[in-house]
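Peer 1: Pasted the sequence and its predicted model underneath.
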Amino acid sequence: MSSYKLNYTDSFGNGDVNSLGSNPENGSSLAQSEKAVEELLTQQTPMLATDDHLIEFSEALRTVAKALRGSAEGKALAQAEAAEWKRRYELERSKNQELLHKAPLNGVCADESGNKGMDHLAKSPRRHGQENGKSERYSLERICSHDVLQDGGESNSPNGCNNKLKRKASFKLSWGCKGQANDQHKKEIVSFESGNITTADRSSKQISLTWETNPQTVIIFTKPNSTSVRVLSVEMVRWLREHKGLNVYVEPRVKAELLSESSSFDFVQTWEDDREISLLHPKVDLVITLGGDGTVLWAASMFKGPVPPIVPFSMGSLGFMTPFHSEQYRDCLEAVLKGPISITLRHRLQCHIIRDKARHDYETEENTLVLNEVTIDRGISSYLTNLECYCDNSFVTCVQGDGLILSTTSGSTAYSLAAGGSMVHPQVPGILFTPICPHSLSFRPLILPDHVTVRVQVPFNSRSSAWVSFDGKGRKQLEAGDALVCSIAPWPVSTACQVESTHDFLRSIHDGLHWNLRKTQSSDGPRDT
Ligand SMILES: NC(=O)c1ccc[n+]([C@@H]2O[C@H](COP(=O)([O-])OP(=O)(O)OC[C@H]3O[C@@H](n4cnc5c(N)ncnc54)[C@H](O)[C@@H]3O)[C@@H](O)[C@H]2O)c1
Ligand SMILES: Nc1ncnc2c1ncn2[C@@H]1O[C@H](COP(=O)(O)OP(=O)(O)OP(=O)(O)O)[C@@H](O)[C@H]1O
């Protein structure tokens, strides 16, 4: 029986409790043997008085009967004890599973037989007690101590796990980027409670936007020189005003177009200077774009800080960021204005040029925000670029070729893709480092994490200058000694999804690029036998 008990405790957490000393058949056979002895004694009694041997035999049988009774009682006790241990074991197992659900046991080590150690219980018995009351805490602590003693107490197992109950050293994780204390967000994603690092949440999830008050003001950006866009913009502006009672802003060019249609478009508001538009952000609830991806890039570039959510209607040939069909604009806008809507949160890169010859702060150039990418190329020069690249001050490589693309994940389906970069889901945070026609066989594209700062410098001994462009626009020259510094901007661009982020992304690569489109192989032909 004690071996049952030891076996049971030895295999705590993994053993088969039902096989340990609780076989009901054993108990009933002992009871039957005892009953048989009693019957024999009763039958033999008349003869005992006359035969000494029989008396002796009778005494012996009584002793055997007593022993059998004791054994049966002991068995019953053992069964009761086993049942109690089983109850405790199941109680503990359910607690462990509860704990596992809350936090996977990263810090728990296994003994040689693969059994889980008890450190996870040792570290938080009080927590069990607080949750389940004193008696359960007491029983759990007893189970732990029992297990540890049975497992051999103080010795260290070969895998380095000490079987003795002990507390793990506690620690703290902190996140920082160049001295900034921006822990809060990350702490919600990674928990490091009680020495266990666990993922508490995903850093990037499908995001849903719900209006708390009704949207009042929209701004519409349209692709220039397109008749179909012009026709739609006239219709949409009227509908937004007459059916939805919204304030509408458009670009000065579009206001002129609307007024040429009818003077009733007087209510439409605009601005004089593009710098004014950044002041509009606090007033604008929603941005609508009518065009292709270029119009989304254009709209985003108008906001040098936070950007209102964008609803992009597809009116171009390709539409990676434009999931909405213009024919159904009423239904679509009804749904968006009502909410909730799924959005894709697209990171932008903030790019800053540092001029070697700049000696004063006022000579510093303004940051430029890009939604797709910043490109550093050789421009009209016929020489190879010679770009020294650093990531957080670590030297990365020297780009000798046509140039380098630093792309967002939204931009991964644009120029970076054409230069051999991976396609990356737009909500994956990171910076793509994609060379353009590198003059080396081993230069593969990289994807860097979202917290790094990349610096691309034209060395003083470079044969030629380089050229920077932002989302394919605004080219600037980088002379020898100049550098471009680039990191993820704090103001992402949220675009409304037709369905949800992943669905829309996959649809865009299927429809836009015919990704992995191939005729299905017919089933007739050679087969594995
Ligand atoms: N070789 C190339 O593929 C190449 C060369 C130069 C620029 N571009 C891209 O063009 C972009 C500027 O776009 P534009 O419309 O203002 O110029 P554009 O009118 O010259 O159009 C460029 C094409 O890129 C597509 N595009 C833009 N952003 C995209 C994205 N995120 N995913 C997939 N395709 C996208 C557009 O739909 C368009 O068809 C640049 O940011 C750059 O990524 C690509
Ligand atoms: N409101 C705007 N003002 C000035 N330029 C714009 C505006 N909207 C878009 N553009 C520019 O017009 C060009 C074409 O825009 P867009 O990509 O939207 O249309 P598209 O080329 O017809 O689309 P696709 O590339 O899908 O065929 C881009 O270079 C973009 O920067």
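Peer 2: Structure received. Ligands and ions are numbered 1, 2, ... in the order given.

Peer 1: all contacts plus neighbour counts: C-alpha atoms, from now on.
Peer 2: OK.

Peer 1: Quick check: pLDDT value at Ile288.
Peer 2: On the pLDDT scale, Ile288 is placed at 98.

Peer 1: What of the one 3 residues further on?
Peer 2: Confidence per residue is given as pLDDT, and for Gly291 that number is 97.

Peer 1: OK, contacts around the residue nearest to it when sequence neighbours are not counted?
Peer 2: Distances taken as C-alpha to C-alpha, 6 or more residues apart in numbering place Met315 nearest to Gly291, at 4.3 Å, with adjacent residues excluded. By C-alpha atoms under 8 Å, 6 or more residues apart in numbering, the residues touching Met315 are 229, 290-292, 325-326.

Peer 1: Repeat that for Tyr329.
Peer 2: Taking C-alpha under 8 Å, 6+ apart, we find Tyr329 in contact with 236, 313.

Peer 1: Separate out the buried members of the contacts of Met315.
Peer 2: Buried members of these, counted by 16 or more other C-alpha atoms under 10 Å: 229, 290-292, 326.

Peer 1: out of the residues you listed, who's near ligand 1?
Peer 2: The residues of the buried ones among the contacts of Met315 that also fall near ligand 1, by C-alpha under 6 Å from any ligand atom, are Gly292.

Peer 1: In strands only, show me the buried ones among the contacts of Met315.
Peer 2: Among the buried ones among the contacts of Met315, the members found in strands (DSSP state E) are 290-291.

Peer 1: Relative to Gly195, which of the buried ones among the contacts of Met315 is nearest.
Peer 2: Comparing these against Gly195 with C-alpha to C-alpha places Gly292 closest, at 50.1 Å.

Peer 1: Report the spatially nearest residue to the closest one, omitting neighbours in sequence.
Peer 2: Gly316 (4.3 Å).

Peer 1: Is the one you found in a helix, a strand, or coil?
Peer 2: Following DSSP: H, G, I helix; E, B strand; the rest coil, the label given to Gly316 is coil.

Peer 1: Quick check: it touching Thr289?
Peer 2: No - proximity of Gly316 to Thr289 does not meet the contact threshold set by C-alpha atoms under 8 Å, at 11.2 Å.

Peer 1: Just want to know which of these two has more residues nearby.
Peer 2: Thr289 (26 against 16; other C-alpha atoms under 10 Å).

Peer 1: Which two of the contacts of Met315 have the greatest separation?
Peer 2: Farthest apart among those by C-alpha to C-alpha are Val229 and His325. That separation is 12.4 Å.

Peer 1: Look at the residue nearest to Gly291 and report its pLDDT.
Peer 2: The predicted local confidence for Met315 is 94.

Peer 1: now swap in Glu363 and tell me
Peer 2: 74.

Peer 1: and it, how far is that from ligand 1?
Peer 2: 27 Å (C-alpha to the nearest ligand atom, to the nearest Å).

Peer 1: measure stretch 301-308 end to end?
Peer 2: 12 Å (C-alpha to C-alpha, to the nearest Å).

Peer 1: Which positions in it come out as buried?
Peer 2: Using 16+ other C-alpha under 10 Å as the test for burial, stretch 301-308 gives 301-305, 307-308.

Peer 1: Which residues does it contact?
Peer 2: Outside stretch 301-308, the residues touching it (C-alpha under 8 Å, 6+ apart) are 274, 277-278, 281, 284-287, 300, 368-371, 491-494.
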